[in-house]
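Q: Make a model of this:
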Amino acid sequence: MNRKEAPAAWSNAQQLVLVTTPDWNATVGELRTYERDGSSWREIGQATRITVGRAGSAWGLGLHPEQNNGPIKREGDGRAPAGVFAIGTAFGYSPSADTALPYAAMSASSYCMDVPASPLYNKIVDAREVGEAAVAGSSEPMRLDLRKPGDQRYKLGFVIEHNPRAKPNAGSCIFAHLWKAPGETTAGCTAMAEPAMERLYAWLRPESHPVFVLLPRAEHARLKTSWHLP
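A: The predicted model follows:
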C-alpha cells in the first residue's frame, strides 16, 4: 500500500479499531485492533466478541465517502452506523480513568442530546451548564447507574464520531461502551465486555489519530483495498 494513496480523511491514522459483522442485519460481530506498520497494518492482540444495534447496522456519516448501497442510519432506527469514524472523548462513572484519551467524568446532570430539533443534538452536555429545559426530552442520561442501580453500560466508553455536523435525524450519541449482559444488543452503539474496553483504553493514543471502522463483511471485502483497510 502506498500511504500517499490512502483516503486523506484518515491517512494519518496510526491505530485502527475494526468491527465486522456478518451482514447488515446482524447484531453480533468481532472487534480487532491494528497499528500502522510502515505501509501496511499489523494486528495487535486478539479478536473480541461485540454486539451492535438491535436492528444491525446502516451507513453513517463519518470520514468515509457517502455510500448508498445499503441502509442509511436514521435516529431511533436501532442500527449502528457503518463506515470510518474518528474516535472522540472517553467517558465513564469514575472521576478519572487509565487512558491517554481525553476523559470526561459523567454526573447525574450529564446527558447526550438525542432530540433532533435541539441545537445541542448529538452533544454530551451538563444540565447544570445548559439548563434543565435544554435537556428536556433526552432519553440518554449518561449516568445510567443512577437511573437503574447496577447498570454499568456507561461505566467505561468512548465517543464514536458519527454525524459530527449534527445533521438532524441522521443519528446521535454513538458510543463504544460496556454491554449490559454478554450478547445483549444496543440502540445503535458497539458494546463489549469490560476487559475488552479496558484494553482499548490502555492502547488508544490520541496522537495516533485512531479511527473506528464498522462494516458488514461483504462491504469490508468490497472496500478493503480502495479504503486501505486491514
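Q: The longest helix along the chain: which residues count as buried?
A: Longest helix in the chain, counting residues (DSSP state H): helix 194-203. For helix 194-203, a neighbour-count test (16 or more other C-beta atoms under 10 Å) marks 196, 197, 198, 199, 200, 201, 203 as buried. The way it works is simple: take the backbone N, C-alpha and C, and place the C-beta from them, glycine included.
Q: Which helix or strand lies directly C-terminal to it?
A: strand 211-216 (DSSP states H and E).
Q: which outside residues touch that following strand?
A: Applying C-beta atoms under 8 Å, 6 or more residues apart in numbering, the contact partners of strand 211-216 are 10, 13, 15-24, 26, 52, 57, 63, 70, 80-87, 160, 176, 190, 223, 229.
Q: Stretch 179-188 now?
A: 27-28, 49-54, 73, 77-81, 151-153, 171, 173-174, 177, 191-193.
Q: Please convert the buried members of these into ChimeraX selection syntax.
A: Buried residues within the contacts of stretch 179-188, by 16+ other C-beta under 10 Å, are selected in ChimeraX with:
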select :27,50,51,52,53,73,77,78,79,80,81,153,171,173,174,177,191,192
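Q: taking the contacts of stretch 179-188 one by one, which sit in strands?
A: Applying DSSP state E to those, the entries found in strands are 28, 49, 50, 51, 79, 80, 81, 177, 191, 192.
Q: Out of the residues you listed, which is nearest to residue 145?
A: Closest approach between those and residue 145, by C-beta to C-beta: residue 177, at 12.3 Å.
Q: And for the residue lying closest to that closest one once chain neighbours are set aside, the neighbour number?
A: Nearest residue to residue 177, sequence neighbours excluded (C-beta to C-beta, 6 or more residues apart in numbering): residue 157, at 3.5 Å. For residue 157, the tally of surrounding residues (other C-beta atoms under 10 Å) stands at 25.
Q: Correct me if wrong: residue 157 contacts residue 174.
A: No: the criterion here is C-beta atoms under 8 Å, and residue 157 misses it with residue 174 at 10.5 Å.
Q: hey, what's in contact with both of these two?
A: residue 189.
Q: Provide a list of residues in contact with residue 165.
A: residue 61.
Q: Report pLDDT for the residue nearest to residue 52 when sequence neighbours are not counted.
A: In space, and not counting its chain neighbours, residue 52 is closest to residue 80: 3.9 Å by C-beta to C-beta, 6+ apart. We have a pLDDT of 98 for residue 80.
Q: coming back round to it: I'd like to know which elements the longest helix of the chain is packed against.
A: Under the contact criterion of 3 or more C-beta pairs under 8 Å, 6 or more residues apart in numbering; DSSP states H and E, helix 194-203 touches strand 28-37, strand 40-51, strand 156-160, strand 175-178.
Q: between the ones you listed, which gets nearest to residue 95?
A: The closest of the helices and strands packed on helix 194-203 to residue 95 is strand 156-160. By C-beta to C-beta, the value is 13.2 Å.
Q: C-alpha coordinates for the closest one, CSV please?
A: What follows is strand 156-160, C-alpha atoms only, in CSV (Å, rounded to 0.1, in the frame of the first residue of the first chain):
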residue,chain,number,x,y,z
LEU,A,156,-16.4,2.9,30.6
GLY,A,157,-16.9,4.1,27.0
PHE,A,158,-15.8,6.5,24.3
VAL,A,159,-17.5,8.6,21.6
ILE,A,160,-17.6,7.3,18.0
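Q: Appreciated, that's everything.
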